[in-house]
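Peer 1: need coordinates for the following:
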Amino acid sequence: MTQVLRPIKDIFDPASYPDLLVGLTDPDDAAVWRLSDEQAVVLTTDFFTPVVDTPYEYGAIAAANSLSDVYAMGGKPFLALNIAALPDNLPAEISSEILRGGAEKAREAGVVIAGGHTVNDKEPKYGLVAIGFVHPQRIISKGGLKAGDVLILTKPLGGGVTTTAVKQEKADTAHVAEAIEWMSRLNKIASELAVEFGVRGGTDITGFGFLGHAMEMAEASGVSLQIDFAKLPFLSGARGYAEKGIFPGGAFDNKNYFEASVTFAEHLDEPSQMLMFDPQTSGGLLFGLARGKLSAFETRAQELNQPYWVVGEAREGQGIEVR
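Peer 2: Purely as a prediction, here's the structure:
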């Protein structure tokens with residue numbers, strides 16, 4: 001988001017747009033525009049090249065990923081538009097399956113896809129423009145963490161190494177199925193839970209990896225984070241692929257950019273550290289919950305069959321410590 005905003009920061013003066021609650025000055029997972037004291041609109045877009053070999057699942061994952069930014073802000077998506085770039089020689093049945101996967105995932109979310117735009121390209125790309133509603137006083141943002149909050153993660157990590165193994169034709173079938181299941185899972189219930197329990201600081205874990213997005217929140221909130229590595233969840237095959245060095249290029253970019261702000265426990269080896277920089281596609285939510293609400297949250301999450309992991313806490317200070 002920062003790279004997108006840099007060329008336009010001198011063109012649009014934030015003071016001229018008082019109803020733009022999130023956007024120019026505070027880049028986050030989505031833009032938020034206030035409609036009234038009771039309602040604001042959340043707007044986001046995302047698309048990417050295939051992460052799996054099956055077109056229907058690719059479409060579903062891309063749609064879930066696009067809707068995730070609305071959920072990460074505490075919003076409820078209701079409307080979307082397709083964005084697709086498809087090769088001329090791509091069989092029509094494959095294109096149809098990509099769009100069908102996206103449409104059925106959107107319908108599962110209670111979202112209607114009301115059109116979109118398609119262009120020709122050498123490599124398939126697909127995603128959504130997604131629009132949702134949020135109460136202006138209940139927005140979840142990267143800057144909303146408070147010292148003392150416990151950190152909740154709602155999906156396991158390791159999607160990047162697993163999908164890279166798919167591209168290298170080194171992935172186990174069971175591991176691929178597990179990754180697809182998690183990447184296709186909507187963050188809908190996780191978001192609703194966060195809103196129900198008054199969460200104000202959160203994001204979703206995508207291209208910057210767990211530590212990259214955690215660092216974004218720590219810096220925006222003016223806190224430090226302590227992460228318990230042993231409590232982090234990983235996909236079944238992630239560790240094995242990491243030990244073989246099967247990482248997407250983005251993992252090394254994330255490490256180079258964010259590692260200066262991270263202190264690792266001495267016993268954490270390189271595969272363990274790299275897994276925390278692994279870029280995710282349609283990852284889970286990471287948010288801060290007031291410690292006093294944790295017991296009630298756990299009960300409610302179990303009632304709704306919402307997976308969650310308590311992976312650390314926010315503290316006074318700066319940076320991230322991984323124990």
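
Peer 1: can you pull the contacts of the residue lying closest to Ser272 once chain neighbours are set aside?
Peer 2: Closest residue in space to Ser272, ignoring its immediate chain neighbours: Phe229 at 6.5 Å, by Cβ to Cβ, 6 or more residues apart in numbering. Any C-beta I mention is one placed from the backbone N, CA and C, and that applies to glycine too. Remark: with contacts taken as Cβ atoms under 8 Å, 6 or more residues apart in numbering, Phe229 is in contact with 265, 268, 272, 276, 322-323.

Peer 1: most neighbours out of these, which is it?
Peer 2: Most neighbours among the contacts of Phe229, by other Cβ atoms under 10 Å: Met276, with 26 neighbours.

Peer 1: now do the same contact list for it.
Peer 2: Contacts for Met276 (Cβ under 8 Å, 6+ apart) come out as 157, 209-211, 227, 229, 232, 322.

Peer 1: now the residue nearest to Ser272: how far from Glu270?
Peer 2: Distance check for Phe229 against Glu270: by Cβ to Cβ, to the nearest Å, it reads 13 Å.

Peer 1: how about Asp121?
Peer 2: 36 Å.

Peer 1: likewise for Phe277?
Peer 2: To Glu270, Phe277 is 11 Å away according to Cβ to Cβ.

Peer 1: re the thing from before, from Glu321, how far out is the residue nearest to Ser272?
Peer 2: Separation of Phe229 from Glu321 (Cβ to Cβ): 10 Å.

Peer 1: with Ala238 instead?
Peer 2: Applying Cβ to Cβ, the value for Ala238 to Glu321 is 22 Å.

Peer 1: same thing with Leu79?
Peer 2: 42 Å.

Peer 1: now swap in Val111 and tell me
Peer 2: Plainly put, Val111 is 39 Å away from Glu321 if you go by Cβ to Cβ.

Peer 1: rewinding a little: quick check on Ala238 and Glu321: which one has the bigger neighbour count.
Peer 2: Neighbour count, other Cβ under 10 Å: between Ala238 and Glu321, Ala238 has more, with 25 against 16.

Peer 1: quick check, the more buried one in contact with Thr163.
Peer 2: No. Here Ala238 lies out of contact with Thr163, judged by Cβ atoms under 8 Å, at a distance of 10.8 Å.
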